[in-house]
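Peer 1: Got a predicted structure here, sequence first:
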Amino acid sequence: MSALEAQNTENIAQVRKWVQAAQRVVVLSGAGVSAESGVPTFRDTHTGYWAQFDPQEMASDRGFRMHPERVWQWYSYRRDLLAKVQPNAAHRALADFAQAHPGKLHLITQNVDGLHQRAGSHDVICLHGDVMRNQWLDTCCPLCDMAHAVAQGGSPPRCSACGNMLRPGVVWFGEHLPAHALAQAEQAVNACDVMLVVGTSGVVYPAAGLVFQAHQRGAKVVIVNPQATELDMLADAIVHQNAGQALPVLLQ
């Protein structure tokens, strides 16, 4: 057994004790969790035909208003890719733990793919939205009807009365996180005894700021990632494993 494997074994045993003793556990999940299901990263979807376009133009209010059909078709392409992947062992471990321990686990995710929900997790706090959902681009008129717009089709679908366009329900560059989701996340972090930070590099804010918040409040911070992260200095324990390998054991 290597020194790293020995340290992982020791840390896993300690984290399991913390999780078992905790009243509240918060999990912050990032792109690494979804990558194990084969979900392409945001930039990895810019291949083939889509490689000619600037990724940031495909994920901004300005880019959408300039080229609504192109951006809508790109998100339709991304949705088709996501429909072909399945939740992995990490997603299932979280859902199973929450079902076995009602009210103990609060799941916050930076991912927009909906795999946590498909695995059976409920009340997931989606900081960056949900790519499978739609929302109106502008303030609705009295006749804006999302179901009717979708039924009528179009790239993107529009309100037949005012022309308001549907857009993907994700947070674009330059936009604030949904206030309600961020408030829920902060409330959960303030009440937790243990925070598992899984599959995230810790470079995206304000999501990464939640880890600082947990640390400052005295919660045990556990980093689960095969690579070093920007948040390692806050960790009470680090498990250098993939989420699908670590979470079924940590939450057993």
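Peer 2: Right, received. Where do you want to start?
Peer 1: Where do the strands of the stretch 151-252 of the chain begin and end?
Peer 2: With DSSP state E, counting those that start in this stretch as the criterion, the stretch 151-252 of the chain has strands at 166-170, 194-198, 220-224, 237-239.
Peer 1: For the lowest-mean-pLDDT helix or strand in the chain, enumerate the helices and strands it packs against.
Peer 2: Least confident helix or strand of the chain, by mean pLDDT, DSSP states H and E, is helix 3-21 with a mean of 88. If you count contacts as 3 or more C-beta pairs under 8 Å, 6 or more residues apart in numbering; DSSP states H and E, helix 3-21 packs onto strand 194-198, strand 220-224, strand 237-239, helix 243-250. All C-beta spots, glycine's among them, are computed from the backbone N, C-alpha and C.
Peer 1: right, and the ones you listed - which one's nearest residue 14?
Peer 2: Residue 14 sits nearest to strand 237-239 of all these, at 5.8 Å, using C-beta to C-beta.
Peer 1: Residues touching that closest one, excluding its own?
Peer 2: When contacts are defined by C-beta atoms under 8 Å, 6 or more residues apart in numbering, strand 237-239 is touched by residues 8, 11-12, 14-15, 18, 220, 222-225, 232, 246, 250.
Peer 1: Apply 7 Å and report the result again.
Peer 2: Contacts of strand 237-239 with the rest of the structure, by C-beta atoms under 7 Å, 6 or more residues apart in numbering, involve 8, 11-12, 14-15, 222-224, 232, 246.
Peer 1: For these, which single residue is the most surrounded?
Peer 2: residue 224 (30 neighbours; other C-beta atoms under 10 Å).
Peer 1: where's that residue relative to residue 94, distance?
Peer 2: 12 Å (C-beta to C-beta, to the nearest Å).
Peer 1: Longest strand in the chain, by number of residues?
Peer 2: strand 129-136 (DSSP state E).
Peer 1: does residue 69 really touch residue 155, like I thought?
Peer 2: Yes - applying C-beta atoms under 7 Å, one finds residue 69 in contact with residue 155, separated by 4.7 Å.
Peer 1: the more surrounded of these two?
Peer 2: residue 155 (14 against 11).
Peer 1: picking up where we left off before, would you turn the helices and strands packed on helix 3-21 into a markdown table with mean pLDDT and distance to residue 178?
Peer 2: Below are the helices and strands packed on helix 3-21 laid out as a markdown table (pLDDT from 0 to 100; distance: least, C-beta to C-beta, whole Å):
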| stretch | mean pLDDT | distance to residue 178 |
| --- | --- | --- |
| strand 194-198 | 98 | 21 |
| strand 220-224 | 98 | 24 |
| strand 237-239 | 96 | 30 |
| helix 243-250 | 96 | 24 |
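Peer 1: looking at those, which is buried most?
Peer 2: strand 194-198 (a mean of 27; mean count of other C-beta atoms under 10 Å).
Peer 1: who does that strand touch, helix- and strand-wise?
Peer 2: strand 25-29, helix 209-217, strand 220-224 (3 or more C-beta pairs under 7 Å, 6 or more residues apart in numbering; DSSP states H and E).
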